[in-house]
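K.L.:
how would this look folded up:
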Amino acid sequence: MAKPKRVKFLLLFIAILIFIFCITVRTPRTYRIIPLRRAPKTCPLQISERSITPLNNTKHLLVSAYMDQRVNGFDVRIIGIFKRDSIQKLHCVFCCAGQLSSKTPGTILQHTDNFGFPYVTTDVMCQIPQNCSATHVSLLTEPGEVQLVDQPWLPVRNKKTNGKEKEKLQFNFTVCISNLFGDYNNVLQFAQTLEMYRLLGVDRVVIYNTSCGPDLNRLLQIYSQEGFVEMVPWPIDQHLNPSRGWLFSLSGGDVHYFGQLTTLNECIYRSMDRSRYVLLNDIDEIIMPYKHNTLTSLMDVLQQQHPNNGVFLIENHTFPKKPFNESKWGPLPRWRGVPGFNILDRIYREEPDRTIYHPHKMIVQPRMVQQTSVHEVLQMIGQMFKVPPDVCRFIHSPISTPTERPLEQLHVDTRLRDFTEELLPGVNKVLRKAGLLT
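P.N.:
Presented below is the predicted three-dimensional model:
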């Protein structure tokens, strides 16, 4: 009896094997056993559309990526904000016309100016593998095959133009303003400054905006719709504790002045393939030519005199708030109900103490700058030139000044009022469009 049972079990086992074989061979492909998942060969492309993107598995933030082949052996510069005590090796991976590239090592370049803050503007330099037409780039903390589905990708901007950069330039002058934060609502000064720049020949103003007051926001929307202002969202306060000051020992925080150093560098690269010159300054400052009526005529002369210079340092002059004598200087235009103050009543200029350090701001050719700080360029190609103040100076009109000098120590300077006849209609027009002037 035992033997027939063993035979039956053997026949049943053989029948089961035959059945499994038939199901495996004849079942449609969609029902076959799924093989083990391998790293994808095509780009997952979770493209970051944010201006600040956290880098996975690090304490760092990525901002943007630009083609930059001015440094031997590298092709792409990624601009970021890195925690100084947490630097680690990084590896670059590219999307090449839809296909993943091999990994290449990233070279990390921390900017030398950090003013003591834990976070610093940092560049990661990457080399594009051969036969790769790179469209996007990402950074990895491990060189091997890793899961790339959730990895953020940055578009690579400023593609190679085969030496035709001059033909492609869209603007002559771009102003980079960083940063708006808090409830800043000085609408009148903002409108006057932007209209003054328009008269001087500026084509585009780039503003990095964390936050501002409601009236100023309405004004900026009008300028953005016109195309004169490019607003870049800058939610640095959602990622770090940004400082309102410039020095860590005085103000604390994670990063200098709401990330000002990063936005200045980002703006230079953003403008590199579209603007001949970039002006780096704050909204309460105007680069004012004193022997020319436009920035174009000023720079044509300076560039002809100094053809190898790509950075022009402009001396800063403060115009403090002082009582304005209308019986002596003529009546001031009125913008009643508009928030802010009138820069046309700032006619007294302080003479800087040149025996101590005195800051400058800059007009630069972006293609000759690699890294910049606020008052000087950190790495560049070419030379710098200090422009004499009788040729051009910064008109700095702050809300307040730390010290007050007596009138006898100040110089009367009415250069801004030379443009009053052209300035007023432009200011009135944009304030009306924003619904801020009736």
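
K.L.:
what is the mean pLDDT for stretch 311-320?
P.N.:
Average pLDDT, stretch 311-320: 96.

K.L.:
now do stretch 197-208
P.N.:
pLDDT averaged over stretch 197-208 gives 98.

K.L.:
quick one: terminal-to-terminal distance for it?
P.N.:
Stretch 197-208 has an end-to-end distance of 18 Å (Cα to Cα, to the nearest Å).

K.L.:
now the helices for the stretch 201-350 of the chain?
P.N.:
Using DSSP state H, counting those that start in this stretch, the helices of the stretch 201-350 of the chain run over residues 214-226, 248-251, 260-271, 295-305, 326-329.

K.L.:
which stretches of the stretch 201-350 of the chain have low pLDDT?
P.N.:
Along the stretch 201-350 of the chain, the model assigns pLDDT under 70 to no residue.

K.L.:
ranges for the strands of it?
P.N.:
Under the criterion DSSP state E, counting those that start in this stretch, the stretch 201-350 of the chain contains strands at 204-209, 229-233, 275-281, 285-289, 309-318, 348-350.

K.L.:
Off-centre distance for the shortest one?
P.N.:
Strand 348-350 sits 32 Å away from the centroid of its parent chain (Cα atoms, centre = their mean, to the nearest Å).

K.L.:
Who are the packing partners of the helix or strand just after that strand?
P.N.:
Next along the chain after strand 348-350, taking DSSP states H and E as the criterion, comes strand 360-364. Strand 360-364 is packed against strand 275-281, strand 285-289, strand 309-318, with contacts defined by 3 or more Cβ pairs under 8 Å, 6 or more residues apart in numbering; DSSP states H and E. Quick note: C-beta positions are derived from backbone N, CA and C, even for glycine.

K.L.:
CSV for the ones you listed, including distance to residue 185 and mean neighbour count?
P.N.:
As requested, the helices and strands packed on strand 360-364 are exported to CSV (distance: least, Cβ to Cβ, whole Å; neighbours: other Cβ atoms under 10 Å):
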stretch, distance to residue 185, mean neighbour count
strand 275-281, 20, 25
strand 285-289, 18, 23
strand 309-318, 22, 20
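
K.L.:
re the thing from before, please identify the deepest-packed of the helices of the stretch 201-350 of the chain.
P.N.:
Among these, helix 260-271 has the highest mean neighbour count (mean count of other Cβ atoms under 10 Å), at a mean of 25.

K.L.:
Put the alpha carbons of that helix into PDB.
P.N.:
Extracted C-alpha coordinates of helix 260-271, given in PDB (Å, rounded to 0.1, in the frame of the first residue of the first chain):
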ATOM      1  CA  GLN A 260      22.900  88.900   0.600                       C
ATOM      2  CA  LEU A 261      26.200  87.500  -0.600                       C
ATOM      3  CA  THR A 262      24.500  84.500  -2.300                       C
ATOM      4  CA  THR A 263      21.900  86.700  -4.100                       C
ATOM      5  CA  LEU A 264      24.600  89.100  -5.400                       C
ATOM      6  CA  ASN A 265      26.500  86.100  -6.900                       C
ATOM      7  CA  GLU A 266      23.300  84.500  -8.200                       C
ATOM      8  CA  CYS A 267      22.400  87.800  -9.900                       C
ATOM      9  CA  ILE A 268      25.700  88.100 -11.600                       C
ATOM     10  CA  TYR A 269      25.400  84.600 -13.100                       C
ATOM     11  CA  ARG A 270      21.700  85.200 -13.900                       C
ATOM     12  CA  SER A 271      22.800  88.300 -15.900                       C
END
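
K.L.:
picking that back up, which stretch among the helices of the stretch 201-350 of the chain comes nearest residue 346?
P.N.:
Closest to residue 346 of these is helix 326-329 (Cβ to Cβ; 11.5 Å).

K.L.:
Which residues does the closest one contact?
P.N.:
332, 347, 414, 417 (Cβ atoms under 8 Å, 6 or more residues apart in numbering).

K.L.:
try 10 Å this time
P.N.:
332, 344, 345, 347, 412, 414, 417 (Cβ atoms under 10 Å, 6 or more residues apart in numbering).

K.L.:
just to revisit the earlier point, can you check which of the helices of the stretch 201-350 of the chain gets nearest to residue 66?
P.N.:
Once those are compared by Cβ to Cβ, helix 260-271 is nearest, at 4.4 Å.

K.L.:
quick one, the closest one and strand 229-233 angle?
P.N.:
Orientation of helix 260-271 against strand 229-233 (axes from the mean of the first three to the mean of the last three Cα atoms, to 10 degrees) gives an angle of 130 degrees.
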